[in-house]
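A.B. asks: Just to be clear, the model below is a prediction. Sequence and coordinates:
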Amino acid sequence: MAQIWLVELLKGIGKLFLHPIFYYLLFLSAILGVMRVKRERKNFHVRAHDAYFELRQLFPLGIMVGLSLSIVSILAGIVVPFAAIVLTAAFTLLWSFTANIRLMSPVYTVGAAFFALIIMTENKWSIPVFSQTFHSLDQKVYPSVVVVLALLFIAEGVMIAKNGSKGTSPKLVKSKRGQSVGAHEVKRLWFLPLFLLVPGDALSLPFDWWPVFHVGAEKYSLILVPFAIGFQQQIQGMLPKAAIQLYGRRVIVLGSIIAILSIVGWWYPLLSIIVAAFAVISRESLALIQKLKDDSLPFYFSKKNNGLMILGIIPDSPASKMELKVGELVTKVNSVATYNEKTFYEALQKNRAHCKLEVLDTNGEIRFVQRALYEGDHHELGILFVQDERKFDDEKIS
C-alpha cells in the first residue's frame, strides 16, 4: 500500500509539469515585474525592486501553504472530478485576460468552474478533447469542489497577510484637485500546488470511512494541481503594510466561515450552490468595502509642512541600510530643515562623506540616523518622495 501511494505521489508531481497553468504563471509574473518597473521609472526615473521581484515571490510561501492544504485534503478524502480541474484552468486563463489580477483568485476561478460544472452536466455539454471527462460525470452538484474553494479561500488570506505587503510598489497619482500625491500598489501572483484525489484506478480505500468527500468512485488517483492566487490592491489612506495585513486577516475570517458552511453542504448538496454564490459575492464585497474605506481617508502620502514624506525606499540603498521606513518624515538633513527635495539634496551636499537625518517615525516619535557615504551611493540616499516636478501617470483617484 505504501509503495502504491509513493508511486502515485511521484506521478502526481510529474503531472504538475504537464499543466499549462504552471508555465503561464511564470510568464505572467515576469510580465507584471516588467510593467511595474516601467511605471516606477516613469514616476521616479528609477525602479524600486528589480523586474524579477514578482517572480521570486511566486513560489516559496505558496508551496508551503499548498503542502499544508494537501495534507488536509488527502486526510479528509476530498475527491473532485477531473472536469472541475480542467474548468478551473480554463477560467484562470480567461480571467487573466481582464488584466485584473485579483480575479485569478480561487474564489473566482474555482467558483466559476463549480457553476459551469452544474450547467454542463445539466445540459450534457462537453469540451473538445475532454469530452470523455465530462461524459463520466454522474452528479449535478459536487460539494467537494466547494470544500476545495473554501480551503483555497483561507490560503489566499494567509498569502495576503504574510506576503502581500512585501515590496509594495510606490506610485505617483493625482487627486481630484490635481495635486500630486503618493500611493502604494501591489499586483502579486502566487503559485499554490495542491494534491487532490480524482476518480481513477490506482488507490483503493484504506478505511471504510475514507474518503469523506467522495464522488461515487471506489478507486482514486492523485494529481498535483497548480492553483493561481492573485492579489491586486492600491492603498492611499494608510500605511501599506498595516492595510494589507488587516485585509488578509479579514479574508481568513471570511474563508473560515465559508469552510464551515461548505462542510455542511456535503449533507445538503443544494446548500453548496448557495455557499459558492455567497463566497463569490462576499469576496467581491470585501474588496469593494476596502476600496471605499481607503478612498474616504485623507491621503497618507501627501506633502507635509514639517518634512519630506518617504514614499519608497530603494533596496540595498543607503536609506535601506539606515533602516528608514515608508511613511516616515525626514525633518532635517545634516541639521538643516528640509521642506522639499531641493533643500534635501542641498543639505546632503554639505557633507559628502557623512549624513545625519532627523526622522519623525510613524508613531510620531523623533529619531536620529546617520551613516557614512561612499562613492557610488545613490545621490539622494535611495529615498523616493512625492514631488510635483516628477513625471507620472495622469491617474485620477476616485
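C.D. replies: That came through, no problem.

A.B. asks: okay, CA-based contacts and neighbour counts for the rest of this
C.D. replies: Fine.

A.B. asks: can you list the weak-confidence ranges in the stretch 101-250 of the chain?
C.D. replies: 129-132, 135-136, 138, 201-218 (pLDDT under 70).

A.B. asks: where along it do the strands fall?
C.D. replies: 169-174, 180-203, 220-235 (DSSP state E, counting those that start in this stretch).

A.B. asks: Deepest-packed of these, please.
C.D. replies: Mean neighbour count (mean count of other C-alpha atoms under 10 Å) peaks for strand 169-174 among the strands of the stretch 101-250 of the chain, with a mean of 24.

A.B. asks: Next, the angle strand 220-235 makes with that one.
C.D. replies: Put simply, strand 169-174 runs at 40 degrees to strand 220-235, going by axes from the mean of the first three to the mean of the last three C-alpha atoms, to 10 degrees.

A.B. asks: helices and strands around strand 169-174, which ones?
C.D. replies: helix 20-44, strand 180-203 (3 or more C-alpha pairs under 8 Å, 6 or more residues apart in numbering; DSSP states H and E).

A.B. asks: Confirm residue 273 sits in a helix?
C.D. replies: Yes. Per DSSP: H, G, I helix; E, B strand; the rest coil, residue 273 lies within a helix segment.

A.B. asks: in this structure, which spans are helices?
C.D. replies: Applying DSSP state H to the chain gives helices spanning 2-16, 20-44, 53-57, 60-75, 82-96, 106-123, 131-135, 143-159, 240-264, 269-296, 318-321, 341-349.

A.B. asks: how close does the closest residue to residue 61 other than its chain neighbours get to residue 234?
C.D. replies: Leaving aside its sequence neighbours, residue 61 sits nearest to residue 159 (C-alpha to C-alpha, 6 or more residues apart in numbering; 7.3 Å). As judged by C-alpha to C-alpha, to the nearest Å, residue 159 and residue 234 stand 17 Å apart.

A.B. asks: residue closest to the middle of this structure?
C.D. replies: residue 231 (3.2 Å; C-alpha atoms, centre = their mean).

A.B. asks: Was I right to think it contacts residue 187?
C.D. replies: Yes. Under the criterion of C-alpha atoms under 8 Å, residue 231 makes contact with residue 187 at 5.8 Å.

A.B. asks: Quick one: closest of the helices and strands packed on strand 169-174 to residue 2.
C.D. replies: Closest approach to residue 2 among the helices and strands packed on strand 169-174 (C-alpha to C-alpha): strand 180-203, 10.4 Å.

A.B. asks: Render the CA-only coordinates of the closest one in PDB, please.
C.D. replies: Output of strand 180-203 as PDB, limited to C-alpha atoms (Å, rounded to 0.1, in the frame of the first residue of the first chain):
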ATOM      1  CA  SER A 180       0.500  65.300  -6.600                       C
ATOM      2  CA  VAL A 181       0.000  62.500  -4.000                       C
ATOM      3  CA  GLY A 182       1.600  59.100  -3.400                       C
ATOM      4  CA  ALA A 183       0.100  55.700  -3.200                       C
ATOM      5  CA  HIS A 184       1.200  52.100  -2.900                       C
ATOM      6  CA  GLU A 185       0.200  49.400  -5.300                       C
ATOM      7  CA  VAL A 186       0.600  45.600  -5.200                       C
ATOM      8  CA  LYS A 187       0.000  43.200  -8.000                       C
ATOM      9  CA  ARG A 188       1.000  39.800  -7.000                       C
ATOM     10  CA  LEU A 189       0.600  36.200  -8.200                       C
ATOM     11  CA  TRP A 190       1.200  33.200  -6.000                       C
ATOM     12  CA  PHE A 191       1.600  29.600  -7.200                       C
ATOM     13  CA  LEU A 192      -0.200  27.200  -4.800                       C
ATOM     14  CA  PRO A 193       0.200  23.500  -5.700                       C
ATOM     15  CA  LEU A 194      -2.500  21.200  -4.100                       C
ATOM     16  CA  PHE A 195      -2.700  17.400  -4.100                       C
ATOM     17  CA  LEU A 196      -6.200  16.300  -5.000                       C
ATOM     18  CA  LEU A 197      -7.800  12.900  -5.300                       C
ATOM     19  CA  VAL A 198      -9.600  12.300  -8.600                       C
ATOM     20  CA  PRO A 199     -11.600   9.300  -9.700                       C
ATOM     21  CA  GLY A 200      -9.100   6.700 -11.100                       C
ATOM     22  CA  ASP A 201      -7.900   3.200 -10.800                       C
ATOM     23  CA  ALA A 202      -4.800   3.300  -8.700                       C
ATOM     24  CA  LEU A 203      -5.700   3.900  -5.000                       C
END
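
A.B. asks: how much distance is there from that strand to the middle of the chain?
C.D. replies: 8 Å (C-alpha atoms, centre = their mean, to the nearest Å).

A.B. asks: do the same with stretch 288-298
C.D. replies: Mean-position distance between stretch 288-298 and its chain equals 19 Å (C-alpha atoms, centre = their mean).
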